[in-house]
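Student: sequence isn't available, so here's the structure alone:
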């Protein structure tokens with residue numbers, strides 16, 4: 001799929017915004033998240049599939065949504081603990097209470113408690129550590145958005 005301008009979708013699928021981020025309508029549940037992942041370009045789609053599979057395995061009761069053109073994952077009654085977003089050279093995973101994780105995720109944010117993990121093409125994901133962060137994050141109070 002080629003990157004299209006942010007003017008709307010056509011028969012080829014969702015519009016890809018800057019960095020190849022799919023423009024998916026806001027929605028709750030697994031279906032909009034799967035639509036987002038299916039629209040992720042190239043190698044990023046595999047990353048999205050892996051993130052979704054890990055979150056679902058670690059937190060079987062996970063709640064899903066697409067908001068602001070990003071998949072969100074949360075726990076009913078606790079709020080959102082993780083989201084991800086496509087950029088040109090990486091997929092950015094946001095842990096909303098990342099400063100409370102041990103060890104703290106590697107990339108700082110301008111927001112006090114948020115920390116990021118950048119997943120780049122051809123860099124393996126440390127799935128053991130990532131799954132541990134997901135588990136820790138899911139047990140913390142989440143963000144209400």
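Tutor: Good, I have the coordinates. In this text, all values refer to a predicted model and were calculated from it rather than measured experimentally.
Student: now do the contacts for residue 19.
Tutor: By C-beta atoms under 8 Å, 6 or more residues apart in numbering, the contact list for residue 19 reads 86, 87, 88, 89. Glycine gets a C-beta too; all of them are placed from N, C-alpha and C.
Student: now do residue 99
Tutor: 112, 113, 114, 115.
Student: in CSV, list these along with pLDDT and distance to residue 33.
Tutor: Output for the contacts of residue 99, formatted as CSV (pLDDT from 0 to 100; distance: C-beta to C-beta, whole Å):
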residue, pLDDT, distance to residue 33
112, 94, 27
113, 96, 23
114, 97, 20
115, 97, 22
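Student: list only buried entries from these.
Tutor: For those, a neighbour count by 16 or more other C-beta atoms under 10 Å gives the buried set as 114, 115.
Student: of the contacts of residue 99, just say which sits nearest to residue 18.
Tutor: Lowest distance from residue 18 to the contacts of residue 99 (C-beta to C-beta) belongs to residue 114, with 20.1 Å.
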